[in-house]
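K.L.:
with the input below, show me the fold.
(chains A and B)
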Amino acid sequence: MIYVDQLAKHYDDLKLGRVVAVAGVSFRASPGQVYGLLGPNGAGKTTTLRILSTLLKPTGGTATVNGYDVVDQAAEVRREIGFMSAGTAVYDRMTGWEMVEYFGRLHGIPHDELRDRMEALFTRLKMHDTRNVLGAKMSTGMKQRVSIARAIVHDPPVLIFDEATAGLDVLVARALLQTVAELRDHGKCILFSTHIMREAEKLCDRIAIVHRGHILAEGTLAELRDRYREHDLEELFFRLISEHNATHSPPAGTAASAA
Amino acid sequence: MTFERTRLVFAREVRDQLRDRRTLFMIFVVPLLLYPLLGVGFFQMAQFMREKPSRVLVVGVRELDRAPRLFDEDGFDAGLFVSEDGVNLLEVTFAPSSRRSGRPEPAESREAAWRAVESGSYDAALYFPPNFAQQLDAFRQVLRNRQSPDHRAGGVNAPDDASLEVNLAVPSPEIVHSTAVETSQIAYARLAAVLRRWTDQVGDDNLAVGGLPPSAARPFSLHSADVAYETPQRGAARWSKILPLMLVLWAMTGAFYPAVDLCAGEKERGTMETLLCSPALRSEIVMGKLLTIMLFSAATALLNVLSVGLTGAVVLSQIEGFGAPPLYAVFWLGAALLPVAALFSALCLALAAFARSTKEGQYYLMPLMFITMPLSVLPMAPGVELTLGNALIPVTGMVLLLRSVLEGHYWQAFQFAPPVIAVTFTCCLLAVRWAVEQFNSEGVLFGESERFDLAAWLKRLVRNRRPTPTAAAAVACGVLILLARFFLGTTLETPGAFPAFVRSVLITQVVIIAGPALLLCLLLTSSPRQTLLLRRPVTWWTVPAAGLLALLLHPTMNVLQRVVMHLYPVSENMREALVPVERMFAEAPFWPLVLVIALVPAVCEELAFRGFMLTGFLRPGGKWRAIAYTAVFFGLAHGVLQQSLIACLVGVVIGFIAIQSGSLVPAVVYHFLNNGLAVAGSRITPDTLDRFPALAAMLSGGPAQGYAFHGQIVTAGVFAACVLLVWFARLSSTRSFEMTFCGTVPRRLAEEG
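P.N.:
Prediction:
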């Protein structure tokens, strides 16, 4: 489970001065749930996810992942999560098998157990074709499957997907969303950031609409529709953002450029 | 940190690099092919490399047919050349009027020679002044006459000494050449050699005319005896200059490309983020990558050295006095390989981690090269030997140590190996620490590769002023001071008298040092008082304590100064230049001198360094880092190496006092007393010691060699100073945000609070 309370992050930018990337966001994601962070580019999604993955340190608030504090117990948090960043980050000069094995061994999985687990994983994700192919020669779909396998090889209770479908073609994106849904069904707590409405609608159990480091609205899709009397998520999204922009003039240095 | 995860990272990186064709090319293919190809090329080129003849114009020569002959029909007389080939290397053209005897030389013939060389028509010209041949004949005639029986009998026609002097004045021929043209310089050297031989022969003939043997002018000749006459020894001496340099340069090159790929490349591919999310600690990742880079750095250096050695054994061993590299060189180079590879690997790793892309990483090779090259080449300069001072210079010490070993000076190498290893090890540790810091820096790992816009940066600094400066502003201040000191300082004349000295110090301190700091303070900060630490100290006891500390550390500083002067002695030129300054100091009135040398710098330098810069460096956190950076700038601002080293150490102590007391006042007091005591020390004379017996009991030495404190005094001073420093360390200043920031309070809580 992920618990985020008044999480904030600001940093100094050469031109903009002090940039507030995350301005005190709070939310809670539970096991067996896909929690969606829906927001435009620069909303602060990536910064939030990087803080939860212990890559960045917050400048305010607290966050725990499966009971571990992201600042004080960073090593424990890293054992509990599987992180998949935007883009298919794979090593060019490693085969699919070597890559997944490498991360499995970094997580300290015993050799025999790792081999069994990988065989099962490769079968489940239908990625035997990537087994002996170097990353540089993989197709985008192959890379994506290897990235997922790398993120879940240690069977983490929490999974963080940062714009995982960005740049993927429709087929690969659909397969990825299916995998995410399956992982949810296996009881994983999944944090899923996206700026694509349909993905959020289709996949996420709870959605937080994020803009300029703030959560503008949060709840299940049904709750959001009821609360704002707006059936279409896209319309709701634009309405909330317009209202926010109208009430909060965008002073220099408040846009979250890191996201 | 676990060994297993480090091993995993290491194994992955090695495998990754071994699959990279560029790395394999650089490490294996280049050394294995480059030097043998160069060797073959050298032989091939040698076939075509024929010495080109020099074109020489001879102007103004009259008949010089008397023995010894200078010219024959075509050019210079063959007897004037050491080898037969030499004759063909000078293509002589006689100027039209040169051989026409009985007619006066044209007045413009020297200009003609000048123009011929200047226009490039000839490589050099040999100009004989008018009447050269007649004067030379006349000279010989005088000598003959002196030998005549009439002259010996003191007859009427015997020339007196005055007329002999006149007749002896033979005008000098002139070789016209151009130092700007290489072929002209070669022609000059060839011509000069031929004319020297001819002049010697003329001299010998004249001696014969005078009835003296040739040995009258040269009763003996100098022979040289080379104790390293055996080729292996001479070869070893020559290889000892080449191989260490190659080892260092290839260790750096071999480290850099893998480092860029492993850090900047990994960031670029996006895999760094996933690796950092894994349970591997940053230190484990850094160590795994460092070991990989070390492996490739060592392999590159070793293969290059072996390849050049083998090629040299085949090619260069055929050159006289340049034998094959000795086999034991491989052993010693192998022993040095590990620390050298470790040093460059750590440096490259830190630099590459700092880079945000492969392209950016490659740019960083240049500064590293600029720093490493002079340090590596310095040992090749004449007179640079393995001394303690040189052993303490990173890279230079290692190259000198290797040279010493390869030349067979084992005892010397054994003596200086500990400092060289200690310096290299310290540099390695610092570089590794820097690399780990880079891997912990969010700005470095995830910062956008933004274009630096100076105008935007300055605008933001001025608009969004904060109470204290940023670290970047502190660096800018330091650079500004160093630049001003360099450019304005050189325009200041060396003061010859005390009033001029006072003027010079005031300009340096007020305009060059305090000026930039105060200007930036007003422009970039909203609270000059807080920035310059112009506050009450945490306790007023820190003021006398700082003074006492300066007093207690004075004997130690005195010793350190002597050590530094021993390690890096002042050059003879500098010593001569300092003589008038020292004389002026000795003659200047004491208290005004203290005012100028102690009080003015204490105020101005403290405002700049412990005021503006220290506060700026404290902003990102890290008390010791801020003290170290400030001390380095403080040292650099002193200009002279010997002074800079001591100033750096003093800067550390003053920085610590300033931070612990939270005020500039104790720092100024320490600085004032430190300088004041140095002035007082320079004024000690035997009379002073007579007047102050207690001082005499503490000092040894005399006016000639200088006074020094007894060892017991130094030890006691250090011990008491340590006690005082512990007292300072226990003070906790909570007066500024930065002080809290860099102290024990976690960053997050500090900001929330």
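
K.L.:
quick one: low-confidence parts of the stretch 351-500 of chain B?
P.N.:
Counting by pLDDT under 70, the ranges of the stretch 351-500 of chain B that qualify are B:447-454, B:456-457, B:460-461, B:490, B:492-495.

K.L.:
residues in contact with B:Phe501?
P.N.:
Listed by C-beta atoms under 8 Å, 6 or more residues apart in numbering or on different chains, the contact set of B:Phe501 reads B:495, B:581, B:584, B:588, B:596. No exception for glycine: its C-beta is placed from N, CA and C like everyone else's.

K.L.:
nearest to A:Leu56 among these?
P.N.:
Taking C-beta to C-beta as the measure, A:Leu56 sits nearest to B:Val596 out of the contacts of B:Phe501, at 52.3 Å.

K.L.:
now do the closest one against B:Pro467, distance only.
P.N.:
If you measure B:Val596 against B:Pro467 using C-beta to C-beta, to the nearest Å, the figure is 33 Å.

K.L.:
and if you look at B:Val30?
P.N.:
Going from B:Val30 to B:Pro467 by C-beta to C-beta gives 55 Å.

K.L.:
more crowded one of B:Val596 and B:Pro467?
P.N.:
Using other C-beta atoms under 10 Å in any protein chain shown, the more surrounded residue of B:Val596 and B:Pro467 is B:Val596, with 21 against 15.

K.L.:
for the closest residue to A:Ala181 other than its chain neighbours, the count of nearby residues, please.
P.N.:
Spatial nearest neighbour of A:Ala181, chain neighbours left out: A:Leu203 (6.3 Å); criterion: C-beta to C-beta, 6 or more residues apart in numbering or on different chains. One way to gauge burial is a neighbour count; for A:Leu203, by other C-beta under 10 Å, it gives 22.

K.L.:
so which bits of the stretch 101-250 of chain A are right by chain B?
P.N.:
When proximity is defined by C-beta under 8 Å from any C-beta of the partner chain, the stretch 101-250 of chain A lies next to chain B at A:102-103, A:105-108, A:134, A:147, A:150-151.

K.L.:
next, the residue of chain A found nearest chain B: secondary structure please.
P.N.:
Here the residue of chain A nearest chain B is A:Ala89; by C-beta to the nearest C-beta that distance is 3.4 Å. Three-state assignment for A:Ala89 (DSSP: H, G, I helix; E, B strand; the rest coil): coil.

K.L.:
contacts only, for it.
P.N.:
Under the criterion of C-beta under 8 Å, 6+ apart, the contact partners of A:Ala89 comprise A:147, B:269-271, B:273-274.

K.L.:
what sits closest to it if chain neighbours are left out?
P.N.:
B:Gly270 (3.4 Å).

K.L.:
the one you found touches A:Ser85, doesn't it?
P.N.:
Yes: the pair B:Gly270 and A:Ser85 passes the contact test of C-beta atoms under 8 Å, sitting 6.1 Å apart.

K.L.:
more neighbours: which of the two?
P.N.:
Residue environment comparison for B:Gly270 versus A:Ser85 gives the larger neighbour count to A:Ser85, 25 against 15, counting by other C-beta under 10 Å.

K.L.:
distance of the more buried one relative to B:Leu191?
P.N.:
In this structure, A:Ser85 and B:Leu191 are separated by 74 Å, where distance is defined by C-beta to C-beta.

K.L.:
what's the answer for A:Tyr11, then?
P.N.:
Counting by C-beta to C-beta, the separation of A:Tyr11 from B:Leu191 is 72 Å.

K.L.:
do the same with B:Glu442
P.N.:
Taking C-beta to C-beta as the measure, B:Glu442 falls 70 Å from B:Leu191.

K.L.:
more neighbours, these two?
P.N.:
A count of neighbours by other C-beta under 10 Å puts B:Leu191 above the other of B:Glu442 and B:Leu191, at 24 against 14.

K.L.:
just to be sure, the more buried one is in a strand?
P.N.:
No: under three-state DSSP, B:Leu191 falls outside any strand and is assigned helix.

K.L.:
need the contact list for it.
P.N.:
For B:Leu191, the residues meeting the contact criterion (C-beta under 8 Å, 6+ apart) are B:54, B:56, B:90, B:124, B:126, B:175, B:177.

K.L.:
let's see it at 10 Å
P.N.:
Taking C-beta atoms under 10 Å, 6 or more residues apart in numbering or on different chains, we find B:Leu191 in contact with B:54, B:56, B:58, B:76, B:90, B:92, B:123-126, B:173, B:175-177.

K.L.:
only whichever of these are buried, select them in ChimeraX.
P.N.:
What follows is the ChimeraX syntax selecting those of these that are buried according to 16 or more other C-beta atoms under 10 Å in any protein chain shown:
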select /B:54,56,58,76,90,92,123,124,125,126,173,175,176,177
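
K.L.:
and chain A, which of the contacts of B:Leu191 reach it?
P.N.:
Restricting the contacts of B:Leu191 to those adjacent to chain A (criterion: C-beta under 10 Å from any C-beta of the partner chain) removes every one of them.

K.L.:
between the contacts of B:Leu191, which sits nearest A:His231?
P.N.:
Sorting the contacts of B:Leu191 by how near they are to A:His231, with C-beta to C-beta, puts B:Asp123 at the top with 94.9 Å.

K.L.:
next, work out how far apart the closest one and chain A are.
P.N.:
Using C-beta to the nearest C-beta, to the nearest Å, one obtains 58 Å as the distance from B:Asp123 to chain A.

K.L.:
ditto for B:Ala471
P.N.:
B:Ala471 sits 11 Å away from chain A, taking C-beta to the nearest C-beta as the criterion.

K.L.:
correct me, but that residue touches B:Phe612?
P.N.:
No: with contacts defined as C-beta atoms under 10 Å, B:Ala471 does not count as touching B:Phe612, sitting 11.6 Å away.

K.L.:
so which of these two has more stuff around it?
P.N.:
The residue with more neighbours, out of B:Ala471 and B:Phe612 and counting by other C-beta under 10 Å, is B:Phe612; that gives 31 against 19.

K.L.:
report the two of the contacts of A:Ala89 separated the most.
P.N.:
Within the contacts of A:Ala89, two members stand farthest from each other by C-beta to C-beta: A:Ser147 and B:Arg269, at 12.2 Å.

K.L.:
which residues are in contact with both of those two?
P.N.:
Common neighbours of A:Ser147 and B:Arg269 (criterion: C-beta under 10 Å, 6+ apart): A:87-90.

K.L.:
host element of the most centrally placed residue in chain A?
P.N.:
Here the mean C-alpha position of chain A is nearest to the C-alpha of A:Phe161 (C-alpha atoms, centre = their mean), at a distance of 2.6 Å. Remark: A:Phe161 resides in strand A:158-162, with elements defined by DSSP states H and E.

K.L.:
and the helix or strand just after that strand, how far out from the chain middle?
P.N.:
From strand A:158-162 onward toward the C-terminus, using DSSP H and E, the following helix or strand is helix A:170-185. The chain centroid and the centroid of helix A:170-185 are separated by 14 Å under C-alpha atoms, centre = their mean, to the nearest Å.

K.L.:
what residues do B:Gly270 and A:Ser85 have in common as contacts?
P.N.:
Taking C-beta under 10 Å, 6+ apart as the contact criterion, the residues that touch both B:Gly270 and A:Ser85 are A:Ser147.

K.L.:
so in that sheet, which strands flank the helix or strand hosting A:Ser26, and in what orientation?
P.N.:
Assigned by DSSP H and E, A:Ser26 belongs to strand A:17-29. Sheet neighbours of strand A:17-29, with direction, are listed as strand A:2-13 (antiparallel) (DSSP bridges).
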